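Trainee: this one's sequence-less:
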């Protein structure tokens with residue numbers, strides 16, 4: 001019964017033993033704690049408790065006097081108020097909890113901006129918690145989306161707000177957000193590395209502009225990936241293999257990428273590189289960075305020159321997703337434990353199927369399909385999205 005419930009709030013400077021002393025007094029009066037949340041912000045202690053006094057051995061005045069004495073002793077402020085249940089309490093309705101994590105450079109108006117978007121889409125903020133503050137601000141907002149018209153619409157609006165604020169943002173089911181991810185899958189061109197390899201090959205073959213235009217259309221999802229790839233590869237006919245080696249030496253990793261991969265490997269994640277590019281380069285990065293798996297399309301070479309043909313099944317969007325499934329089954333990993341990161345339309349299916357799909361510096365078609373977006377300046381921020389254990393890195 002709500003008349004047997006009290007709200008006890010505690011606020012003051014943090015010190016050792018605060019929780020122990022206050023809760024010990026409640027236990028001594030046979031008062032049960034129904035709900036509790038405590039935190040310390042900048043050495044400021046705060047605690048909220050909902051307690052059941054139906055079996056208390058102390059009357060209301062005795063309880064208040066005891067807590068007042070403890071407050072003076074501990075130099076904190078303790079307030080006691082009756083709990084009044086709202087006529088339409090959200091507790092009577094099943095909640096649909098989602099975690100919104102945003103990261104980027106700190107500035108005024110960030111929380112205000114996101115909270116306005118959440119309110120405008122009929123979602124309710126359940127909790128806000130700052131995870132990190134320094135060179136990178138990282139904050140979690142847990143929302144109840146049970147009354148919103150559409151979770152997808154809410155996510156899209158949150159992403160739009162993030163772009164306006166210059167913040168990267170990911171929105172995922174709150175329960176799934178705690179699940180420890182085990183497999184991280186990277187695209188290569190435009191994700192692991194800054195360049196599009198086939199565009200570099202096109203330049204070397206003297207057809208750079210033509211190849212780059214086809215690449216751009218494919219990234220935007222305007223043309224079929226397989227036919228677009230075959231058309232570009234045909235333009236490379238006669239290119240010496242030595243050129244590939246020279247291009248490989250000059251490819252640039254995305255900033256923070258190598259450090260991120262070392263951290264992930266050290267934490268025990270399985271890592272896969274799945275590319276619509278070419279095995280000549282994916283195999284090299286597998287060896288250099290220590291990926292567990294690497295897949296790409298195989299260029300046909302005869303007598304030291306490209307023939308303009310490809311060997312085997314093309315790795316398109318569907319095939320990328322199938323490869324993720326194959327790796328997950330082999331490693332006994334659920335898809336909810338998979339993170340997929342890519343930048344173009346060819347990554348869409350694997351990103352939609354993964355437990356967490358991240359659009360990295362991506363085109364619009366992929367942003368819409370993903371759980372969230374990360375820009376190249378914040379790639380290492382991926383660690384904050386990997387579940388509870390990921391945050392310990």
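Mentor: Looks like it came in fine. Given the structure is predicted, the values throughout are model-derived calculations rather than measurements.
Trainee: Can you give the contact residues for the helix or strand hosting residue 156?
Mentor: Applying DSSP states H and E as the criterion places residue 156 in helix 151-165. Outside helix 151-165, the residues within contact range by CB atoms under 8 Å, 6 or more residues apart in numbering are 96, 98, 100, 102, 104, 109-110, 113-114, 116-118, 120-121, 123, 143, 145, 148, 168-169, 171, 367-368, 371-373. The C-beta positions use only the backbone N, C-alpha and C, and glycine is treated the same way.
Trainee: buried ones in stretch 139-149?
Mentor: 139, 140, 141, 142, 143, 144, 145, 148 (16 or more other CB atoms under 10 Å).
Trainee: Please apply the same query to stretch 214-225.
Mentor: By neighbour count on 16+ other CB under 10 Å, the buried set for stretch 214-225 is 214, 215, 218, 219, 221, 223, 225.
Trainee: I'd like to know which of those are part of strands.
Mentor: Residues of the buried residues of stretch 214-225 located in strands (DSSP state E): none.
Trainee: Give me the contacts around stretch 341-354.
Mentor: 184-187, 189-191, 218-221, 225, 274, 276, 316-318, 320-321, 323-325, 335, 338-340, 357-363, 365-366, 369-370, 374, 382.
Trainee: taking these one by one, which sit in helices?
Mentor: Secondary structure defined by DSSP state H assigns 218-219, 225, 317-318, 320-321, 323-325, 365-366, 369 of these to helices.
Trainee: if we can go back for a sec, separate out the buried members of the contacts of helix 151-165.
Mentor: Buried, going by 16+ other CB under 10 Å: 98, 100, 102, 104, 110, 113-114, 117-118, 121, 123, 143, 145, 148, 168-169, 171, 367, 371-373, out of those.
Trainee: Restricted to strands, list these.
Mentor: Using DSSP E, the subset of these located in strands is 98, 100, 102, 104, 143, 168, 169, 171, 372, 373.
Trainee: So the first one sits against residue 148, correct?
Mentor: It stands for residue 98. No. Counting by CB atoms under 8 Å, residue 98 stays clear of residue 148, with 9.4 Å between them.
Trainee: just to revisit the earlier point, nearest to residue 241, of the buried residues of stretch 214-225?
Mentor: residue 215 (21.3 Å; CB to CB).
Trainee: Touching, the closest one and residue 200? I think so.
Mentor: No. When contacts are counted by CB under 8 Å, residue 215 is not listed as touching residue 200 (10.6 Å).
Trainee: Checking my notes, residue 280 in a helix, right?
Mentor: Yes. Under DSSP: H, G, I helix; E, B strand; the rest coil, residue 280 falls within a helix.
Trainee: so who does the residue nearest to it when sequence neighbours are not counted touch?
Mentor: Residue nearest to residue 280 in three dimensions, not counting chain neighbours: residue 244, with 5.3 Å by CB to CB, 6 or more residues apart in numbering. Contact analysis of residue 244 by CB under 8 Å, 6+ apart lists 201, 280, 281, 299.
Trainee: Which helix or strand contains residue 244?
Mentor: Going by DSSP H and E, residue 244 is in helix 241-249.
Trainee: Now stretch 374-393: average pLDDT?
Mentor: Stretch 374-393 carries an average pLDDT of 74.
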